[in-house]
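*Asks:* this one's sequence-less:
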Ligand SMILES: NCc1[nH]cc(CCC(=O)O)c1CC(=O)O
């Protein structure tokens, strides 16, 4: 199999998306110095929309135009945040994941211009977030704080914070590092305070299924532990039929040497009053079966009703 001379990478134009593509170009250049790369820009429905995400045809708002560029042959490779890829249906026909890059930090960060930590924030502090996952967990742990809806990429949210639309923000640590702004982080929240979303901090490389040249060239960028964790988390979300606005959180962890994979997950009501929890170890199960097992444990506790209670 010959290596391609050029790989065209489709990317959204947000600073975070472009930083993700730069990481892939750097890693690819180190692995295959002979392969050139080029960026093909697209704008997605999700990038344009500033309202409630559930209103924009719901699913795949950040991925549809990216998939189209890949399938039409305008580009050969797409870089996605796994967090943003729907798990309640298969990948678009004709495309496949070629690799999952080594996982970044899965945690969320508090950004408070006054430098306070979450526990120090006074009652009534307005936290800008439209995520049902963040809202529910905040309501459970810090019921005296308020949340205000906030959308847009991380850079825009920081502009809105400084314009006074909120008093503080919650954003992913990994995303802030990607856009070069870890300096704004006031506190990194533990996963016990704020359970991360499925796929947090993982970048997936997506190719056309029949493009074995590109698949072979980029598959060496994959990380085996991240692959196992992502398989467990995605199967969990798939079994629950979670959507982009689901009150679901969870993360898998690989033990040393790839052993002892565990998956901890929760499903909650948006008011944070009900939180279902499950935590299991794979033992001799494969990652996908672990994901299924944790999903079943939560379904037994009543997760279906909680998930279906949220419009999407
Ligand atoms: N919803 C947008 C989005 N998609 C992925 C990340 C963070 C990076 C990641 O987890 O890969 C973010 C920003 C955020 O939630 O703060």
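*Replies:* Yes, it's here. Fair warning: this is a prediction, and the values are worked out from it, not measured in the lab.

*Asks:* which stretches of the stretch 201-312 of the chain form strands?
*Replies:* Applying DSSP state E, counting those that start in this stretch to the stretch 201-312 of the chain gives strands spanning 203-208, 248-253, 262-268, 275-281.

*Asks:* right, so of these, which gets closest to the ligand?
*Replies:* strand 203-208 (6.6 Å; Cβ to the nearest ligand atom). (C-beta placed from N, C-alpha, C; glycine too.)

*Asks:* quick check: buried residues in that closest one?
*Replies:* 203-208 (16 or more other Cβ atoms under 10 Å).

*Asks:* so for it, mean pLDDT?
*Replies:* Mean per-residue pLDDT for strand 203-208: 98.

*Asks:* hang on, the earlier thing: turn the strands of the stretch 201-312 of the chain into TSV, including distance to the ligand.
*Replies:* As requested, the strands of the stretch 201-312 of the chain are exported to TSV (distance: least, Cβ to the nearest ligand atom, whole Å):
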stretch	distance to the ligand
strand 203-208	7
strand 248-253	11
strand 262-268	16
strand 275-281	20
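
*Asks:* nearest to residue 291, out of these?
*Replies:* With Cβ to Cβ, the closest approach to residue 291 among the strands of the stretch 201-312 of the chain belongs to strand 262-268: 6.3 Å.

*Asks:* other SSEs contacting that closest one?
*Replies:* Using 3 or more Cβ pairs under 8 Å, 6 or more residues apart in numbering; DSSP states H and E, the elements in contact with strand 262-268 are helix 132-141, helix 224-240, strand 248-253, strand 275-281, helix 287-300, helix 303-308.

*Asks:* any weak-confidence spans in the stretch 201-312 of the chain?
*Replies:* Residues of the stretch 201-312 of the chain meeting the criterion pLDDT under 70: 244, 257-259, 312.

*Asks:* what does it have sitting close to the ligand?
*Replies:* Counting by Cβ under 6 Å from any ligand atom, the residues of the stretch 201-312 of the chain close to the ligand are residue 201.

*Asks:* how many residues are close by the residue of the stretch 201-312 of the chain found nearest the ligand?
*Replies:* Using Cβ to the nearest ligand atom, the closest approach of the stretch 201-312 of the chain to the ligand is made by residue 201 at 4.7 Å. Around residue 201 there are 25 other residues, counting by other Cβ atoms under 10 Å.

*Asks:* give me phi/psi at it?
*Replies:* Residue 201 adopts backbone torsions of phi 70, psi 10, taken as degrees, to the nearest 10.

*Asks:* how close does it sit to residue 141?
*Replies:* Residue 201 is 21 Å from residue 141, where distance means Cβ to Cβ, to the nearest Å.

*Asks:* related to what we said a few turns ago, with respect to residue 161, which of the strands of the stretch 201-312 of the chain lies nearest?
*Replies:* Per Cβ to Cβ, nearest to residue 161 of those: strand 248-253, 23.3 Å.

*Asks:* that closest one to strand 262-268, inter-axis angle?
*Replies:* 170 degrees (axes from the mean of the first three to the mean of the last three Cα atoms, to 10 degrees).

*Asks:* helices or strands up against strand 248-253?
*Replies:* Using 3+ Cβ pairs under 8 Å, 6+ apart, strand 248-253 sits against helix 132-141, helix 224-240, strand 262-268, helix 287-300.

*Asks:* out of everything not next to it in sequence, what's closest to residue 3?
*Replies:* residue 217 (5.4 Å; Cβ to Cβ, 6 or more residues apart in numbering).

*Asks:* okay, now that neighbour: neighbour count?
*Replies:* Neighbours of residue 217 using other Cβ under 10 Å come to 24.

*Asks:* can I assume it is in contact with residue 2?
*Replies:* No. Contact between residue 217 and residue 2 fails when scored by Cβ atoms under 8 Å: they sit 9.8 Å apart.

*Asks:* now for residue 276: which residues touch it?
*Replies:* Listed by Cβ atoms under 8 Å, 6 or more residues apart in numbering, the contact partners of residue 276 are 266-268, 298, 301-303, 306.

*Asks:* what is the nearest of those residues to residue 81?
*Replies:* residue 266 (20.5 Å).

*Asks:* run a quick neighbour tally on the closest one.
*Replies:* For residue 266, using other Cβ under 10 Å, the count is 20.

*Asks:* same check, this time on residue 286
*Replies:* Residues near residue 286, counting by other Cβ under 10 Å: 14.
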